[in-house]
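**Q** Here you go, sequence then predicted model.
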Amino acid sequence: MEQYVIKGGNRLVGEVEIGGAKNAALGILAAAIMADETVLIDNLPDVNDINVLLDAISGIGASVHRLDRHMVTINGKNVSAYNIDYDYIKKIRASYYLLGALLGKYKRAEVALPGGCNIGSRPIDQHLKGFRALGADVEIEHGKIIAEADRLVGKHIYFDVVSVGATINVMMAAVMAEGMTILENVAKEPHVVDVANFLNSMGANIRGAGTDVIKIRGVQRLHTAEYAVIPDQIEAGTFMFAAAATKGDVTVKNVIPKHLEATIAKLEEIGCKVEEYDDAVRVISDGNLSSTHVKTLPYPGFPTDMQPQIGVTLALCKGTSVVTESIFENRFKYLDELARMGANVKIEGNSATIQGVERFSGARVSALDLRAGAALCIAGLAAEGITIVDDIVYIQRGYEHFEEKLRSIGGIIEKVNSEKDIRKFTLKVS
């Protein structure tokens, strides 16, 4: 089992380049099978989630060619199976996007109930509600979602809760439905907009993505396209908070600053200096940071996927901060790990009270999910001594060459897979 071993105490200084958005890429890859012509997708992140989904797509008969680490072509013409194997689904939750894509194009899909990070209840009832409204029969049998329809017909659908997954999945199913579909109370996240833009580049007719109402006029077919995935706002935010927590000065390149407004606002609130450029953001921290309150909300609010990173940073800020998690109920589990490093935290329901401490001490901790793992690495970089982060398979699901990027800006971190390697690292850096 691979681990990260980290020697903390170094300021992170320099430039780091951000890759493509994992969450956008997953929806885009699923949507690509809806065309009977070859589609080229660029700026893919080379991470485990992407590679698993490409294997799943290949497994149902689509033609998948990896041109390089960040570019792939997909042709859905020869899709011959509509059943996505559980081995893929249990690894990544976003495999369920194939449900909307297959139902939309082929009017049949069988997908196992999704897996992914254990960060709390993430029901798919809004997905199923949308599919049924379009005319599909949807059943859950033996751990599988089975959806089929003779034809899909556009409808006016109001989501009971804002859901990124349901918005993308039902949007894909509606692209080739007859007539007009109107989706209300939809998610407005940048990756929802990116999937809509990609579908439009293939000939779909989607308007309003990024607002509260999306209107989709069905088309009969989708065609070839070339498309580049947007930069990953969560990867960018992770490095921005790493700069804050380590008293660093880091320029994060290849970003869309508009997508980072909530993150930038909180960094400035706690005392960081943030400089914005056309496609870059610079974060400067002198370490004299103050507490604040934060509540996770759907976009354009503060993202739940940035909550562990800001939580780690607030644990080093002067004063008392309160973090309220309104999206996923299990997202505070990383704070128990952070307490091993000296953080002063108290969790009550969906809120955490964090009393700032002067410093963390290195410890052995576990990455309990993707973002928690990245946050604990930030803690290790800011801590005194050696930190070992176990279960980094979660981190590798969503961050490309994470340790290499951190080393490029001064982090002392290595990926190891044995106690012997940990001892060698400790001797080398001590």
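**A** Structure received.
**Q** how close does residue 221 get to residue 82?
**A** 18 Å (C-beta to C-beta, to the nearest Å). Every C-beta, even on glycine, is put in place using the N, C-alpha and C of the backbone.
**Q** try residue 267
**A** Residue 267 sits 45 Å away from residue 82, going by C-beta to C-beta.
**Q** of the two, who's got more company?
**A** Neighbour count, other C-beta atoms under 10 Å: between residue 267 and residue 82, residue 267 has more, with 26 against 21.
**Q** quick one: residue 171 and residue 214 touch, right?
**A** Yes. Here residue 171 lies in contact with residue 214, judged by C-beta atoms under 8 Å, at a distance of 6.3 Å.
**Q** what is in contact with the two at once?
**A** Counting by C-beta atoms under 8 Å, 6 or more residues apart in numbering, the common neighbours of residue 171 and residue 214 are 183, 196, 206.
**Q** Sort out for me which of the residues you listed are in helices.
**A** Among the shared contacts of residue 171 and residue 214, the ones falling in helices (DSSP state H) are residue 196.
**Q** Could you list the low-confidence segments of the stretch 1-150 of the chain?
**A** Flagging of the stretch 1-150 of the chain using pLDDT under 70 yields the residue ranges 91, 114-122.
**Q** Pretty sure residue 71 sits against residue 42.
**A** Yes. Look at residue 71 against residue 42 with C-beta under 8 Å: they come within range, at 4.9 Å.
**Q** Chain neighbours aside, what residue packs nearest to residue 60?
**A** residue 81 (4.4 Å; C-beta to C-beta, 6 or more residues apart in numbering).
**Q** let me redo that: residue 56
**A** Nearest residue to residue 56 in three dimensions, chain neighbours excluded: residue 88, at 3.9 Å (C-beta to C-beta, 6+ apart).
**Q** Next one: that neighbour from residue 113, what distance?
**A** Taking C-beta to C-beta, one finds residue 88 at 12 Å from residue 113.
**Q** Could I get the buried residue list for stretch 311-325?
**A** Of the residues in stretch 311-325, those buried under the neighbour-count criterion (16 or more other C-beta atoms under 10 Å) are 311-317, 321, 323, 325.
**Q** Mind checking which of these are in strands?
**A** When DSSP state E is applied, the buried residues of stretch 311-325 are split such that 321, 323 fall in strands.
**Q** Could you dump the buried residues of stretch 311-325 into a markdown table with pLDDT and distance to residue 233 added?
**A** Listed next are those as a markdown table, based on pLDDT from 0 to 100; distance: C-beta to C-beta, whole Å:
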| residue | pLDDT | distance to residue 233 |
| --- | --- | --- |
| 311 | 98 | 18 |
| 312 | 98 | 18 |
| 313 | 98 | 17 |
| 314 | 98 | 20 |
| 315 | 98 | 23 |
| 316 | 98 | 23 |
| 317 | 98 | 22 |
| 321 | 98 | 22 |
| 323 | 98 | 19 |
| 325 | 96 | 19 |
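**Q** Farthest-apart pair in the buried residues of stretch 311-325, please.
**A** In these, two members sit farther apart than any others by C-beta to C-beta. They are 316 and 325, at 19.5 Å.
**Q** burial of the closest residue to residue 190 other than its chain neighbours, as a residue count?
**A** Leaving aside its sequence neighbours, residue 190 sits nearest to residue 259 (C-beta to C-beta, 6+ apart; 4.8 Å). Residues lying near residue 259 (other C-beta under 10 Å) number 23.
**Q** Could you do the one 3 residues further on as well?
**A** By other C-beta under 10 Å, the residues close to residue 262 number 19.
**Q** swap in residue 300?
**A** Residues lying near residue 300 (other C-beta under 10 Å) number 14.
**Q** same thing with the one 5 residues further on?
**A** When counting by other C-beta under 10 Å, one arrives at 24 neighbours for residue 305.
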